[in-house]
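S.K.: dropping a prediction and its sequence here:
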Amino acid sequence: GAVVSQHPSWVICKSGTSVKIECRSLDFQATTMFWYRQFPKQSLMLMATSNEGSKATYEQGVEKDKFLINHASLTLSTLTVTSAHPEDSSFYICSANPPLAFSNEQYFGPGTRLTVT
Amino acid sequence: GENVEQHPSTLSVQEGDSAVIKCTYSDSASNYFPWYKQELGKRPQLIIDIRSNVGEKKDQRIAVTLNKTAKHFSLHITETQPEDSAVYFCAASRGTGGFKTIFGAGTRLFVKA
């Protein structure tokens, strides 16, 4: 099946620094990828839709200047958390779905656990 | 905006019993309804899905039903086993490609041996 990877799997950073998370589709091209955030014991909250070659579409309440998304190629989207604060500590997951006819299935990356100290 | 409500938030059953989780969605244009199982610290795993042109789908011990008119869909797990213990999420989307998926709040299922 389709594979989506994320890097790093976990990261600890100091408050005020920036962190970049990569999401790659390993065996298919994805014009669209999605970024989610999941706090402990909560659901996946969609943050933004990453579109290859154009600007990301952010969900209401998500600061686009704080969560920078770049989708520079058909296999890579990056999420940069700028000026991170402890409240940004969360599990960040990306997803994509292969451009197969009649396939709606989302393939998720393994997630990145961000801890801001 | 789009919303998916999921109930119950916690469900505890005895091994061998059935478990039912229910969801409702608000976006009439939704036509794809996946169910995911997530274990602690792991990515969600698709366990079953259903499209809007189908009312019911079954895969071994797992079944999903969809009532498009009422905008309800449900997950049924029969003969539950301890390894079924996890968090289950329902979701809804409009389809392939650029359409986003909206998740329910999740149901924490405990299967007691």
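M.R.: Right, received. Where do you want to start?
S.K.: nearest residue to the residue nearest to the spatial centre of chain A other than its sequence neighbours?
M.R.: The centroid of chain A falls nearest to residue A:35 when counting by CA atoms, centre = their mean (3.5 Å). Nearest residue to residue A:35, sequence neighbours excluded (CB to CB, 6 or more residues apart in numbering or on different chains): residue A:47, at 4.6 Å. Backbone N, C-alpha and C define where each C-beta goes, glycine included.
S.K.: all strands for the chain, in order.
M.R.: I'll assume chain A. With DSSP state E as the criterion, chain A has strands at A:4-7, A:10-13, A:19-25, A:32-38, A:45-51, A:57-58, A:67-73, A:76-81, A:90-96, A:107-108, A:112-116.
S.K.: my question was about chain B, not that one.
M.R.: Under DSSP E, chain B gives strands at B:4-7, B:10-14, B:19-25, B:32-38, B:45-51, B:56-59, B:62-67, B:72-77, B:86-93, B:101-103, B:107-112.
S.K.: in its sheet, what does the last one sit against?
M.R.: For strand B:107-112, the pairing partners within the sheet under DSSP bridges are strand B:10-14 (parallel), strand B:86-93 (antiparallel).
S.K.: repeat for the first one
M.R.: For strand B:4-7, sheet partners with direction are given as strand B:19-25 (antiparallel), following DSSP bridges.
S.K.: could you check the angle strand B:62-67 makes with the strand it pairs with?
M.R.: For strand B:19-25 against strand B:62-67, the angle by axes from the mean of the first three to the mean of the last three CA atoms, to 10 degrees is 30 degrees.
S.K.: and the residue nearest to residue A:35, what is it in contact with?
M.R.: Residue A:47 makes contacts with A:35-37, A:58-59, A:62, A:67, A:79, as judged by CB atoms under 8 Å, 6 or more residues apart in numbering or on different chains.
S.K.: for residue A:107, same thing?
M.R.: Contacts of residue A:107 by CB under 8 Å, 6+ apart are A:1-4, A:25, A:95-98.
S.K.: which among these gets closest to residue B:51?
M.R.: residue A:97 (14.1 Å; CB to CB).
S.K.: wait, the closest one touches residue A:30, no?
M.R.: Yes: with contacts counted by CB atoms under 8 Å, residue A:97 reaches residue A:30, the gap being 7.3 Å.
S.K.: who does the residue nearest to the centre of chain A form a beta bridge with?
M.R.: Residue A:35 has these beta-bridge partners by DSSP bridges: residue A:48, residue A:94.
S.K.: against residue A:112, how distant is it?
M.R.: For residue A:35, the distance to residue A:112 (CB to CB, to the nearest Å) stands at 10 Å.
S.K.: name the residues contacting each of those two.
M.R.: Counting by CB under 8 Å, 6+ apart, the contacts common to residue A:35 and residue A:112 are A:92-93.
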